[in-house]
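Chemist: build me a model:
(chains A and B)
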Amino acid sequence: MLAAIRKNMPKDKVAYPRLPSFEVAGKDLKRTFEESLSKAGGKLFDIANKEEALQLFAELYPDAKVVCSATAEWTGNKSLEEVSAPGELENVDVAVIRARFGVAETGMVWLTEHELIVNSLAFLAQHLVILLDPDEISENMHTAYRRVDLQRADYGVFVMGPSATADVGAVLVRGAQGPRSLSLFFTKSL
Amino acid sequence: MSTTKVKVAENAAKFIQQDDIHEKLHDQNLWNVRMRRDTVASAIPEWEELRTLASRIKEHTLTHLDEYVLQFADNAEKRGIKVHWASTAEDHNRIVYEILASHQVKRLVKSKSMLQEECHMAPYLEKRGITLTETDLGERIQQLSGQDPSHIVMPAIHQTKEDIAKLFAEKIGTDPNKVDANYLTEAMRNNARPKFLEAEATMTGANFAIAETGSFVVCTNEGNADLGAAIAPLHIASIGIEKMVPKVEDMGVFIRLLSRSAVGTAATQYTSHFSGPRKGTEMHIILTDHGRSHRLGLEDFWSSLKCIRCGACMNTCPVYRRSGGLSYGATYSGPIGIILDPSYDEDKYSELPFHSSLCGSCTEVCPVRIDIAEQIVKWRKVMSAKKKLPVGLRLAFGVTGTVFKYPWVFRTAEAAGKWALKFAPDALIYNKTLNAWGRQRKLPEFADQTFRDWYLKNRNKEPKA
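Modeler: Numbering: from 1, shown residues only, chains lettered A, B, ... in the order given. Have a look, this model is predicted:
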């Protein structure tokens, strides 16, 4: 195959371009992030303390039976330590995960196996609660990829709101195969 | 695989004639997507610069492809991924089956991969006893319909909600009277869940392959690729060799362009990076050529390998929107299909380059600046030179060749054409044998003044800058 590639490769070589990062001085990253995530179907909340977070959680998910947390800041009623196969998380109603950082341009959060503990948590759960430090927002995809360390994660994903599809009659539906909703709690720590 | 010539104009006619609903909705839905693309693209001041950068990165990679493919494979192997090499579609399918068979896999879930479509992998595996479930909703609709995808991003866009309600009622027992996207999506979600949980293996494609780290990137809105990969103990990814990019930072450029061009959102809901197997599981990559190195050697057409499969050229194409993707009889339809498909089979796809108005809109929206319209013209030349045209087109385009070569002939012909059209009977212009393209459309009225005449008369009136 390599021989076929070498035989057919164009003789005129093109140089690798210099990539700017297109940052704009003075941009309100939190506000931009909020606008972007709202467009992607996520909901955002400023959280002052643990009590406020617990109260909001109870209001948002009154019917949640199984809550599973991947962060020490939150206690659910299903422990990831007891999970021996990823499919066991299929009954999770709400998953709580702390994201490493967010991206203002798109409203994405970056998650790896280090934040998820069990990767399937972010996809089998019916609803996601993401904790994010408002000071950990990267401006755009160029700056975000500087923070992504693929050498240290076998799996890493930018999550932009809940799962979605428009495959039936071009109508947007939130909650395709993965989570039906995503709520983002702005908090430095709980 | 059939090698009968695809009669795209005839097929498109059938799509248009079936009723008063499908073509209209198809046209409208895709135009809406195109408008959304314009809105989000215009909100980014550096949009045009991003397109140029994306084009450069791809051209750089393709002109150094041997180095990057090797670098990618080495780095992936260092992370514990098993890398396989497939020169042909047959090699690809055989390798997939061997991996599945050696793990006693009976149930496979897969996300959308155009490469696997190219290879006709699904029927190959099904014949060998593998139960394969498409997990992308659009692909699943197409699988249940027994049809190929009609669009590379929206595989079932040619079907109405009513079509899908009827299909799901038949296949998964939904209420045939409930024609509601939320209801139907929910029904398939519930149908697919157990299949994700039971599958012994999952397959994905890749949108990008990063040479510097050996990672591959998969973009979905449904989360179906991640769901499969997070549960199954075996993950096989099919990756075309043209998917390479040199560095992680290149992804910033491509992710900004991909979904904005495709459907007018800032990105897909999930942008997933696989750089190694989950603990206790296996990950395999099949680096596949399937005609790509051949295309790399075609001077006029190699830059089509820059394509990132966003589908923007399809959404904007007035001919595609009115034809439906299945009319092209190929894995790739629309403008990108017109320039990719003939490099696989010049006979089978000889009519495709003529299924275009050459309006050039595809070139204008392409996020990696492929000169699609120009390549369509070049494919026409290939087909003309090889006399692969139907007789009506051979006559017409034989004349066109001369006319474009000598502008004065065009100007005379234009004036004469106006006169001729005035008096030519519709029976000649819309003749079914000589001009299949005339059947579902009327020629617009010729303007009284040609653009050239208007320009010569008016150019001096413009205020000087």
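
Chemist: what ranges does chain A have for its strands?
Modeler: A:43-46, A:67-69, A:94-98, A:101-103, A:108-112, A:127-132, A:137-138, A:155-159, A:164-165, A:173-174, A:181-186 (DSSP state E).

Chemist: so what strands line up beside the fourth one?
Modeler: Put plainly, it is strand A:101-103. strand A:108-112 (antiparallel), strand A:137-138 (parallel) (DSSP bridges).

Chemist: among the ones you listed, which is nearest A:Gly175?
Modeler: Taking Cβ to Cβ, strand A:108-112 is the member of the strands paired with strand A:101-103 nearest to A:Gly175, at 18.0 Å. In this view, the C-beta of every residue, glycine as well, is placed from N, C-alpha and C.

Chemist: could I get the closest one in CSV with only the CA atoms?
Modeler: Presented in CSV, the C-alpha positions along strand A:108-112 are these (Å, rounded to 0.1, in the frame of the first residue of the first chain):
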residue,chain,number,x,y,z
MET,A,108,-18.4,21.8,24.8
VAL,A,109,-16.9,20.2,27.9
TRP,A,110,-13.8,17.9,27.7
LEU,A,111,-14.1,14.5,29.4
THR,A,112,-11.7,11.6,29.5
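
Chemist: follow-up on the earlier one: highest mean neighbour count out of the strands paired with strand A:101-103?
Modeler: strand A:108-112 (a mean of 26; mean count of other Cβ atoms under 10 Å in any protein chain shown).

Chemist: what's next to that one, contact-wise?
Modeler: Residues from elsewhere that reach strand A:108-112 (Cβ atoms under 8 Å, 6 or more residues apart in numbering or on different chains): A:97, A:99-103, A:122, A:130, A:132, A:144, A:147-148, A:152-153, A:155-160, A:184, B:267, B:271.

Chemist: please redo it, this time with the cut-off set to 7 Å
Modeler: Here strand A:108-112 makes contact (Cβ atoms under 7 Å, 6 or more residues apart in numbering or on different chains) with A:97, A:99-102, A:122, A:130, A:132, A:148, A:153, A:155-160, B:267.

Chemist: do the same with stretch B:280-288
Modeler: B:69, B:73, B:76, B:81-86, B:92, B:95-96, B:99, B:115, B:216, B:233-241, B:276-277.

Chemist: could you give the mean pLDDT of it?
Modeler: Summarised as a single mean, pLDDT over stretch B:280-288 is 98.

Chemist: can you give me the buried ones in it?
Modeler: For stretch B:280-288, burial by neighbour count (16 or more other Cβ atoms under 10 Å in any protein chain shown) applies to B:Thr281, B:Glu282, B:Met283, B:His284, B:Ile285, B:Ile286, B:Leu287, B:Thr288.

Chemist: among the residues you listed, name the ones in strands.
Modeler: Using DSSP E, the subset of those located in strands is B:Glu282, B:Met283, B:His284, B:Ile285, B:Ile286, B:Leu287, B:Thr288.

Chemist: can I get these in CSV including distance to B:Ala199?
Modeler: Formatted as CSV, these follow (distance: Cβ to Cβ, whole Å):
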residue, distance to B:Ala199
B:Glu282, 14
B:Met283, 15
B:His284, 15
B:Ile285, 19
B:Ile286, 18
B:Leu287, 24
B:Thr288, 22
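
Chemist: check which helix or strand covers B:Ser272.
Modeler: In the assignment (DSSP states H and E), B:Ser272 maps to strand B:270-274.

Chemist: show residues contacting that strand.
Modeler: A:150, A:155-159, B:215-220, B:223, B:225-226, B:229, B:255.

Chemist: out of the residues you listed, which are buried?
Modeler: Buried among the contacts of strand B:270-274 (16+ other Cβ under 10 Å): A:150, A:155-159, B:215-220, B:223, B:225-226, B:229, B:255.

Chemist: count of neighbours near residue 90?
Modeler: No chain was given, so I picked chain A. 16 (other Cβ atoms under 10 Å in any protein chain shown).

Chemist: not quite, I wanted chain B
Modeler: Neighbour number of B:Glu90 under other Cβ under 10 Å is 13.

Chemist: which stretches of chain A form helices?
Modeler: Along chain A, the stretches classed as helices by DSSP state H are A:2-8, A:29-39, A:50-60, A:113-116, A:121-124, A:141-147.

Chemist: pick the most buried one from these.
Modeler: For the helices of chain A, the largest average neighbour count (mean count of other Cβ under 10 Å) is found in helix A:121-124, namely a mean of 27.

Chemist: that helix - contacts with which helices or strands?
Modeler: strand A:94-98, helix B:224-231 (3 or more Cβ pairs under 7 Å, 6 or more residues apart in numbering or on different chains; DSSP states H and E).

Chemist: what angle separates the first one from strand A:155-159?
Modeler: Put plainly, it is strand A:94-98. For strand A:94-98 against strand A:155-159, the angle by axes from the mean of the first three to the mean of the last three Cα atoms, to 10 degrees is 110 degrees.

Chemist: B:Leu62 contacts B:Leu305, doesn't it?
Modeler: Yes. Assessed by Cβ atoms under 7 Å, B:Leu62 is found in contact with B:Leu305 at 5.6 Å.

Chemist: overlap in contacts of those two?
Modeler: B:Glu242, B:Leu296.

Chemist: now, among the ones in strands among the buried residues of stretch B:280-288, which is nearest to chain A?
Modeler: Top of the list for closeness to chain A, among these and by Cβ to the nearest Cβ, is B:Leu287 at 7.5 Å.

Chemist: so what pairs up with that closest one in the strands?
Modeler: B:Trp85, B:Ile239.

Chemist: against B:Ala89, how distant is it?
Modeler: B:Leu287 is 13 Å from B:Ala89, where distance means Cβ to Cβ, to the nearest Å.

Chemist: got phi/psi on the closest residue to B:Ser343 other than its chain neighbours?
Modeler: Closest residue in space to B:Ser343, ignoring its immediate chain neighbours: B:Arg295 at 5.0 Å, by Cβ to Cβ, 6 or more residues apart in numbering or on different chains. Main-chain torsions, B:Arg295, degrees, to the nearest 10: phi -60, psi -30.

Chemist: give me the buried positions along stretch B:140-148.
Modeler: Counting neighbours by 16+ other Cβ under 10 Å, stretch B:140-148 gives B:Arg140, B:Ile141, B:Gln142, B:Gln143, B:Leu144, B:Ser145, B:Asp148 as buried.

Chemist: and for stretch B:78-97?
Modeler: In stretch B:78-97, residues buried by neighbour count (16+ other Cβ under 10 Å) are B:79, B:81, B:83-87, B:89, B:91-93, B:95-97.

Chemist: residues near B:Lys166, how many?
Modeler: 15.

Chemist: go on, B:Glu198?
Modeler: Counted with other Cβ under 10 Å, B:Glu198 comes out at 15.
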